[in-house]
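Novice: here is a sequence together with a model predicted from it:
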Amino acid sequence: MSKYSTQFKLAVVRHYLQFGGVRQVAKRYEISSADIRKWTLAYQAHGLSSLQRRSSQHYTIEFKLAVLQYMKDHLASARPTAAHFNIASASSITVWRRLYNEGGIEALQLKPKGRPPMAKPSDLKALLKKPIDELNPAEMRRRLEYLEVENAYLKKLEALAQQKHLASKNKSK
């Protein structure tokens with residue numbers, strides 16, 4: 001959720017465009033001068049729609065490359081480029097440029113967030129019941145991973161039980 005309403009942003013931009021003086025406007029509205037510049041550039045390039053709240057955006061690789069190419073061709077910094085392409089945060093462009101410089105086009109790919117989903121227990125139960133000679137290599141690997149995790153869990157459980165037993169034994173002395 002945006003910190004400032006669309007009406008507030010519009011009032012700030014209009015005041016700045018009418019009277020100028022980014023520091024005075026920032027002081028009057030108690031906001032950063034960077035926000036004023038960002039909102040003004042976006043408003044001048046795209047109108048009122050650029051000041052409205054947006055849901056999170058996912059940009060294609062082609063779009064990211066076009067943005068980076070625009071920056072290079074026009075020798076523009078991230079803020080005017082963000083305003084030109086109506087990108088909410090100029091820092092996104094900075095991140096894209098860093099990723100592209102470090103890893104090329106592949107680095108700009110969208111990566112899934114969070115942990116991969118866990119295997120369904122029913123799949124594991126069926127896999128464990130299946131005879132070993134009927135398993136393909138991928139199933140065999142999955143079964144081995146499951147059994148290794150189970151073994152490590154049981155070892156840890158046994159170690160914790162011993163530790164608890166020793167602690168209670170030392171306490172009673």
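Specialist: Ah, there it is.

Novice: what comes into contact with the lowest-mean-pLDDT helix or strand in the chain?
Specialist: In the chain, no helix or strand scores lower on mean pLDDT, DSSP states H and E than helix 121-129, which sits at a mean of 79. Helix 121-129 is contacted from outside by Leu135, Glu139, Arg142, Arg143, Tyr146, using CB atoms under 8 Å, 6 or more residues apart in numbering. Any C-beta I mention is one placed from the backbone N, CA and C, and that applies to glycine too.

Novice: same thing with stretch 36-43?
Specialist: Under CB under 8 Å, 6+ apart, the answer for stretch 36-43 is 9-10, 12-13, 16-17, 22, 25-26, 50-51, 79-80, 82-83, 86, 90.

Novice: same question for that stretch, mean pLDDT?
Specialist: For stretch 36-43, the mean per-residue pLDDT is 86.

Novice: so which bits of that stretch are buried?
Specialist: Ile36, Arg37, Lys38, Trp39, Thr40, Leu41, Ala42, Tyr43 (16 or more other CB atoms under 10 Å).

Novice: so for Pro131, what's the pLDDT?
Specialist: pLDDT, read off for Pro131, is 91.

Novice: number of residues surrounding it?
Specialist: Neighbour count for Pro131, taken as other CB atoms under 10 Å: 6.

Novice: among the contacts of stretch 36-43, name the buried ones.
Specialist: Counted by 16+ other CB under 10 Å, the contacts of stretch 36-43 give 9, 12-13, 16, 25-26, 50-51, 79-80, 82-83, 90 as buried.
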